[in-house]
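Enquirer: Need the 3D shape of this:
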Amino acid sequence: MSQHWLRAVGLGLLLSLTVVHAAPADGDGVSAWNTLGTSLVDFKGCKSDKDNNQKEFIKQAYKEAHRIVDVDGVKANIHWDSEAAVEFFGPQQFNKDQQAQIQSVLANIETVQTGYWFNPFGHSLQVRCDNPKNNCVGGVSAYTINPSGKEKPYVNFCPSFFRQYTLDGVVNAYKDEKNPDVKWNVDNYQNRGLIFLHELFHVDIAANSEKGMPNPKIYDIRIRYDDKDREPRGPLKAYEARYAKLLARFIPRTKGKNPTSTGFWVQRNVDNFSRFAMAKYLEDKIGGYPFLPLIYDTNVQPLYPDPRPGKTSFVGFQAGNDSDVRLDVDTSDVDALEGETDVDLTHTTDEIFEIGEPIAFDEYPESYKAAYAGWMDLLQGKSDGTCKVQVEEIWTCEDSASNLYASVEVRDASGNIIYTTPGSASSPGQPINDGHPLEISASGMDQTLTLIGEHTNDYIQFYYGSASWTSSDTEGDASCKLVGNDWDKNGPQGCPNGMAARAAEGKPSKDLCLAMSDSVKLREFKMLTTWRMLESTSALAVDD
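Expert: Numbering: from 1, shown residues only. Just a heads-up that it's a prediction; the model follows:
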């Protein structure tokens, strides 16, 4: 029997990026200038031996770079209140004048993708391994040159580049790591694709920033700050996430162009872009946003135990006034990079970001504050046993006793998927009707999670052991709020026999529901149910 359902809308998946051409994207300030692709050419000095094929290694890194940026929320539709955007570009009221250009750079970089050797109209990027500027020293893995005139820009890859992880290799190495200080640190996911991506942002034709137009050129911005002993540090290049986040977290003291504009600085530093893209790519791969390195106020949000293990996961600061901010940053693992010669003056700037007062925490969106509190709990061992359930609810044209379905994904406390609704060509999901509720049991769940859809007052009933709540609950241990748009309470339209059911008056089904219950025990079981309704689709998440 054929079935019809109301515009069933699935949740968008976070994909990844692939870098090698610069093509059009929708939105203001985005130009379409490289729709034909970019070919890697020359490979001067690069080996192609059977046992040491540097040429093939570089080609694969090129494809992986594109995978990292080929993600919705990166190449287009940046959600400026998302954790990644806030941490790498600052709260949006501090970057609103630069948002169009930031999106434009990422959109253009995403269009950098493999061209074809027989296409005479595409762009070309020269690849070298012969170190023409003698810059392969210390920790340098690659460097970029934007020559003048008609010469081709090139990226030179150093010997250390060929010892880097593949993109999939580094994700698989850490995604199941039990130590949160390791798993959730985006800097631990360094890989060959990310290094290539870093260099692509420096290529003017890739970022569409030649001569600083229409986008500003992207540099290795340098920063200066006082350490915990009040000793001046820097100027240091804002490499990797720990330094990139400082540009987005503090107001600059520098006397210069737009000294109080966070957006002015973050849109000019390469690793604010590359680490933002990598963090968004990882969200879908490891089960959440990789929030480390974490910048925190040691007076307001102390971490215990202190000090924590590891060199780069945490940056503590103390702030008195704009001239009395002290940072505790371990730089030992990046000191080698400070010896890098500025071989390409096109991505060197004399402007230095001097760290001033922090952006007040009250300036951050509520969603970020909630996420931040969760990170602090996780780091202090308070989040064991927290699970997440994501639910899509679908209303079909069948009889009212059997026309509600759900598609469900359950993740354990580590973010690993422990249950997902089986795919079916004959059904939109699993039934959640009164006579046929959905019951889910999986390894790691002490109780059965039960879902029942209700037409009257349009809600979903949840049970987990002795705990129960509905999507309409807005206060107490279980609380819900609508995120996105409500669906049509009149039910599916265009059904062969008229509407299958009609919701009674009352609160609509909610789409993001947070439920917390200390009485339920799945270890320290706390429920976080999140609903997100997209027209005819509801998305629920349960955090135990």
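Enquirer: For the rest of this, base every contact and every neighbour count on C-alpha atoms.
Expert: Will do.
Enquirer: Doesn't G234 belong to a strand?
Expert: Yes. The assignment for G234, made by DSSP: H, G, I helix; E, B strand; the rest coil, places it in a strand.
Enquirer: give the contact list for it.
Expert: Going by Cα atoms under 8 Å, 6 or more residues apart in numbering, G234 touches R222, I223, R224, Y225.
Enquirer: Now do it against F43, distance only.
Expert: 36 Å (Cα to Cα, to the nearest Å).
Enquirer: again, but for S468
Expert: From S468 to F43 the distance is 63 Å (Cα to Cα).
Enquirer: Between these two, point out the one with more neighbours.
Expert: Comparing S468 with F43 by neighbour count (other Cα atoms under 10 Å), the higher total belongs to F43, at 21 against 15.
Enquirer: That one reaches S124, doesn't it?
Expert: No. Between F43 and S124 there is no contact under Cα atoms under 8 Å: 11.8 Å.
Enquirer: isn't C46 right next to C129, touching?
Expert: Yes. Between C46 and C129 there is a contact under Cα under 8 Å: 5.0 Å.
Enquirer: what are the ranges of the helices in the stretch 1-150 of the chain?
Expert: 54-69, 83-89, 99-110 (DSSP state H, counting those that start in this stretch).
Enquirer: Nearest to G193, out of those?
Expert: Nearest to G193 among those is helix 54-69; the distance by Cα to Cα comes to 4.2 Å.
Enquirer: tell me the mean pLDDT for that closest one?
Expert: Helix 54-69 shows a mean pLDDT of 96.
Enquirer: count of residues packed around T450?
Expert: 17.
Enquirer: which SS class is it?
Expert: Applying three-state DSSP: T450 is strand.
Enquirer: which residue packs closest to it, ignoring adjacent ones?
Expert: Computed as Cα to Cα, 6 or more residues apart in numbering, the closest residue to T450 that is not its neighbour in sequence is E439, at 4.5 Å.
Enquirer: Can you get me a residue count around L404?
Expert: The number of residues near L404, taken as other Cα under 10 Å, comes to 27.
Enquirer: swap that for S400, please
Expert: Residues near S400, counting by other Cα under 10 Å: 16.
Enquirer: Around G169, count how many other residues there are.
Expert: Neighbour count of G169, defined by other Cα under 10 Å: 12.
Enquirer: In terms of helix, strand or coil, where does it fall?
Expert: Classification of G169 by three-state DSSP places it in helix.
Enquirer: Please report how far it lies from E439.
Expert: Taking Cα to Cα, one finds G169 at 36 Å from E439.
Enquirer: cool, and D446?
Expert: 13 Å.
Enquirer: re earlier: dump the helices of the stretch 1-150 of the chain into CSV; add distance to L194 as well.
Expert: CSV is the format used below for the helices of the stretch 1-150 of the chain (distance: least, Cα to Cα, whole Å):
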stretch, distance to L194
helix 54-69, 6
helix 83-89, 16
helix 99-110, 13
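Enquirer: which stretch among those comes nearest S426?
Expert: Going by Cα to Cα, the one of the helices of the stretch 1-150 of the chain nearest S426 is helix 54-69, 32.6 Å.
Enquirer: Grab the nearest non-local neighbour of L294.
Expert: The nearest residue in space to L294 (Cα to Cα, 6+ apart) is F314, at 4.9 Å.
Enquirer: give me the number of residues near the one you found?
Expert: F314 has 22 nearby residues by other Cα under 10 Å.
Enquirer: That one and D297 touch, don't they?
Expert: No. Applying Cα under 8 Å as the test, F314 and D297 come out as separate, 10.6 Å apart.
Enquirer: Run a quick neighbour tally on L194.
Expert: Using other Cα under 10 Å, L194 has 29 neighbouring residues.
Enquirer: What distance do you get for it to L167?
Expert: Relative to L167, and taking Cα to Cα, L194 is found at 8 Å.
Enquirer: go on, Y243?
Expert: With Cα to Cα as the criterion, Y243 and L167 are 22 Å apart.
Enquirer: Just want to know which of these two has more residues nearby.
Expert: Just comparing Y243 and L167: by other Cα under 10 Å the higher neighbour count belongs to Y243, 24 against 21.
Enquirer: out of everything not next to it in sequence, what's closest to V315?
Expert: I295 (4.7 Å).
Enquirer: Now do the strand or helix carrying the one you found: everything it contacts.
Expert: Assigned by DSSP states H and E, I295 belongs to strand 294-297. Strand 294-297 is contacted from outside by R242, K245, L246, P302, S313, F314, V315, G316, F317, Q318, A319, using Cα under 8 Å, 6+ apart.
Enquirer: give me that answer again for 10 Å
Expert: Strand 294-297 has contacts (Cα atoms under 10 Å, 6 or more residues apart in numbering) with 87, 181, 184-185, 241-243, 245-246, 249, 302-303, 312-319, 327-329, 358, 361, 372, 375-376.
Enquirer: Indicate which one of the helices of the stretch 1-150 of the chain is closest to I452.
Expert: The nearest among those, by Cα to Cα, is helix 83-89 at 32.2 Å.
Enquirer: Can you list the helices and strands that that closest one packs against?
Expert: Helices and strands touching helix 83-89, as assessed by 3 or more Cα pairs under 10 Å, 6 or more residues apart in numbering; DSSP states H and E, comprise helix 240-249, helix 262-266, helix 270-286, helix 366-379.
Enquirer: Quick one, which of the ones you listed gets closest to A65.
Expert: Judging the helices and strands packed on helix 83-89 by Cα to Cα, what sits closest to A65 is helix 270-286, at 9.5 Å.
Enquirer: does A238 really touch I355, like I thought?
Expert: No. Taking contacts as Cα atoms under 10 Å, A238 lies outside contact range of I355: 11.9 Å.
Enquirer: Now the common contact residues for those two.
Expert: Contacts common to A238 and I355, judged by Cα under 10 Å, 6+ apart, are I223, R224, L246, L247.
Enquirer: Generate a markdown table for those residues, with distance to G73 and neighbour count as supplementary columns.
Expert: Formatted as a markdown table, the shared contacts of A238 and I355 follow (distance: Cα to Cα, whole Å; neighbours: other Cα atoms under 10 Å):
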| residue | distance to G73 | neighbour count |
| --- | --- | --- |
| I223 | 28 | 22 |
| R224 | 31 | 20 |
| L246 | 22 | 24 |
| L247 | 21 | 29 |
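Enquirer: Switch these over to TSV; also include pLDDT and distance to S39.
Expert: Output for these, formatted as TSV (pLDDT from 0 to 100; distance: Cα to Cα, whole Å):
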residue	pLDDT	distance to S39
I223	91	35
R224	90	39
L246	94	35
L247	94	34
